[in-house]
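A.B. asks: need the 3D shape of this:
(one chain, ligands or ions: 1)
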Amino acid sequence: MSRDTAAIVIIGGGIMGMSIAYQIARRSDMSVVVLEKGIGLGEGSTGGSSAITRQRYSQVESIRVARDGNVVWRNWSEYTGLAEPAGRFHNIGVLWMMDQDADDVAKDRDRLVQEGVDAVMVDAAELSRLYPGVSACMVPFDLTGEIAHECADGDAFLIERDTGFFDATGALLDVATAAKGRGVDVRMGTEVVGVTVNAGRAGGVTLADGSTIGAGLVINAAGPWCNRINTMAGLELPWSLVPTRVQVIYRDLPPEVPRPIPVVGDAAGGIYFRPEAGDGQIILGSILEEDELETADPDNFNTAADRSFIDLKIHALHHRLPALPHVGVPGGMASLYTVNRQDVLPIVGPTAIDGFAVANGFSGHGFKESQMIGSMMAQWITGERADFDTDVPMEFFAVDRDPIELDAHTVLA
Ligand SMILES: Cc1cc2nc3c(=O)[nH]c(=O)nc-3n(C[C@H](O)[C@H](O)[C@H](O)COP(=O)(O)OP(=O)(O)OC[C@H]3O[C@@H](n4cnc5c(N)ncnc54)[C@H](O)[C@@H]3O)c2cc1C
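C.D. replies: Okay, here's the model as predicted:
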């Protein structure tokens, strides 16, 4: 049933908005309305997500957020309270082939292990034993195929053994179901066109049909559309939150390619990939900043993958999986995520406008972080703790923080 007031209105029913709603409902009776302009779930970033749940990050807080999120992915049924959830965790491991020497890989392993991640270092022989289909070559090669390539194995590789990937739309459906089961009012096909602000305080939203919903707190969880909502509220930010087009390729994975295939981050090819569709397919994307394409209008961009992107990245995949036959036509698609150009980290929490909060700018990290961002927001809003909470302070992602110094501004930051 429609309400015209609620304690909390969340704009956007992607994985972030839905998680915040569920996390609030897990610990309080506050009335929560989620407004989603799409008619189906996952029409934004979440629907296109590769949903890899790796924990190797440069910032210790990001490692902890991912680690605490993995506890949720591993205990999904208990966390959601759903006996038969739609989403499933695939704990197939994440293999990092980042062209580091053994000393640097050992440092990476140690800092992850210190945070409770099950990370190990392996050499090329052990890599081939664990993953016989994966080449250990770390010689950068010419993707056009014009320069002859001679393979040579890398020295050391890192494996996160306690993670892998989740099913993004299954997770979104589950969190929506769990939230609704706890009384959250999820309204699909409902577009917010205005945010009411009086004397520096947000008081609610206006919908496309002209109706209004009053709220004590309005939360912008609108993914790549976040700037529009912030503009509606009159919020000026020092951050550049850029809707960014990213492409993903699908390729059949026939039985002749030796299994298992883990999630792979491959610096020699500039790609990441993982199995999909019950191990019968590979999903592949880029880890290079140059492949992140700024998009002015999140409602108007090319949703097909570029032929040139497919052709180049498929070479990289064949280099890494030498037994993959050169037959068939790979498919691809493009979707958007939102990159915070200053430091690639999201902005989360209250803003300069009372009663208006944001959870924006998650780049390629938002799926894995979603449940712990929900945890932080819900702890702040309700003052209550619940099981599966994180101890990482929301202030690490505060809107009024200084940009964090990073060596690289890529999706791997
Ligand atoms: C190709 C790709 C691969 C990725 N891979 C990974 C990965 O491996 N691991 C990982 O952790 N993350 C990954 N990500 C990132 C992750 O998917 C996103 O960070 C995350 O899904 C963001 O969720 P969100 O809820 O903030 O945004 P969205 O899912 O975009 O949700 C926002 C919602 O707001 C709605 N909305 C917008 N405006 C309005 C309005 N005015 N009124 C009402 N509703 C509105 C939209 O319809 C949308 O459904 C990937 C993303 C992409 C695109």
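
A.B. asks: most remote residue from the middle of this structure, which is it?
C.D. replies: Ala148 (36.4 Å; C-alpha atoms, centre = their mean).

A.B. asks: just how off-centre is the longest helix seen in the chain within its chain?
C.D. replies: Longest helix in the chain, counting residues (DSSP state H): helix 366-382. Relative to the chain's own centre, helix 366-382 is displaced by 13 Å; criterion: C-alpha atoms, centre = their mean, to the nearest Å.

A.B. asks: same check on stretch 27-43?
C.D. replies: For stretch 27-43, the distance to the chain centre is 19 Å (C-alpha atoms, centre = their mean).

A.B. asks: flag every buried residue along that stretch.
C.D. replies: Going by neighbour count (16 or more other C-beta atoms under 10 Å), the buried part of stretch 27-43 is 27-28, 30-38, 41-43. No exception for glycine: its C-beta is placed from N, CA and C like everyone else's.

A.B. asks: need those residues in a markdown table (columns: pLDDT).
C.D. replies: A markdown table is the format used below for the buried residues of stretch 27-43 (pLDDT from 0 to 100):
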| residue | pLDDT |
| --- | --- |
| Arg27 | 98 |
| Ser28 | 98 |
| Met30 | 98 |
| Ser31 | 98 |
| Val32 | 98 |
| Val33 | 98 |
| Val34 | 98 |
| Leu35 | 98 |
| Glu36 | 98 |
| Lys37 | 98 |
| Gly38 | 97 |
| Leu41 | 93 |
| Gly42 | 95 |
| Glu43 | 94 |
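
A.B. asks: which of those come close to the ligand?
C.D. replies: The subset of the buried residues of stretch 27-43 within reach of the ligand, counting by C-beta under 6 Å from any ligand atom, consists of 35-38, 43.

A.B. asks: which ones among these map onto strands?
C.D. replies: Using DSSP state E, the members of those that fall within strands are Leu35.

A.B. asks: who's in contact with the closest residue to the ligand within the stretch 101-250 of the chain?
C.D. replies: Ranked by C-beta to the nearest ligand atom, the top residue of the stretch 101-250 of the chain for proximity to the ligand is Gly223, at 2.3 Å. By C-beta atoms under 8 Å, 6 or more residues apart in numbering, the contact set of Gly223 is 12, 14, 16, 44-46, 336-338, 360.

A.B. asks: show me this structure divided up by domain.
C.D. replies: 5-87+167-238+342-397, 94-161+242-340 (automatic domain parsing).

A.B. asks: any idea whether the closest residue to Gly133 other than its chain neighbours is helix, strand or coil?
C.D. replies: Of all residues beyond its chain neighbours, the one nearest Gly133 is Pro258 (3.7 Å), with distances taken as C-beta to C-beta, 6 or more residues apart in numbering. Of the three states, Pro258 takes coil under DSSP: H, G, I helix; E, B strand; the rest coil.

A.B. asks: so Pro258 sits against Pro132, correct?
C.D. replies: Yes: under the criterion of C-beta atoms under 8 Å, Pro258 makes contact with Pro132 at 4.2 Å.

A.B. asks: and Arg201, how many neighbours?
C.D. replies: Look at Arg201: counted by other C-beta atoms under 10 Å, it has 12 neighbours.

A.B. asks: what residues are bridge-paired with it?
C.D. replies: Beta-bridge pairing for Arg201 (DSSP bridges): Asn198, Asp354.

A.B. asks: which ones are touching it?
C.D. replies: 353-355.

A.B. asks: report how many residues lie close to the residue nearest to Gly133.
C.D. replies: Around Pro258 there are 13 residues (other C-beta under 10 Å).

A.B. asks: got phi/psi on it?
C.D. replies: phi -60, psi 140 (degrees, to the nearest 10).

A.B. asks: how far away is it from the ligand?
C.D. replies: 24 Å (C-beta to the nearest ligand atom, to the nearest Å).

A.B. asks: quick one: residues contacting that residue.
C.D. replies: 131-133, 323.

A.B. asks: swap in Ile63?
C.D. replies: 55-57, 111-112, 115, 117.

A.B. asks: which parts of the protein are helices?
C.D. replies: 15-25, 45-48, 60-74, 76-80, 102-114, 124-130, 168-181, 226-233, 307-320, 366-382.

A.B. asks: list the buried residues in the longest one.
C.D. replies: Spelled out, it's helix 366-382. 366-379, 381-382.

A.B. asks: specify which member of the residues you listed is nearest to the ligand.
C.D. replies: Gly366 (2.0 Å).

A.B. asks: return the residues in contact with the closest one.
C.D. replies: 15-16, 45-46, 49, 337, 346, 373.

A.B. asks: per-residue confidence at it?
C.D. replies: Gly366 carries a pLDDT value of 98.

A.B. asks: do Gly145 as well
C.D. replies: Residue-level pLDDT assigned to Gly145 equals 69.

A.B. asks: can you check Met1 too?
C.D. replies: 41.

A.B. asks: all numbers from here: first residue = 21
C.D. replies: Renumbered: residue one is now 21, and that last one reads Met21.

A.B. asks: for the stretch 21-170 of the chain, what lies in contact range of the ligand?
C.D. replies: 31-37, 55-58, 63-66, 68-72.
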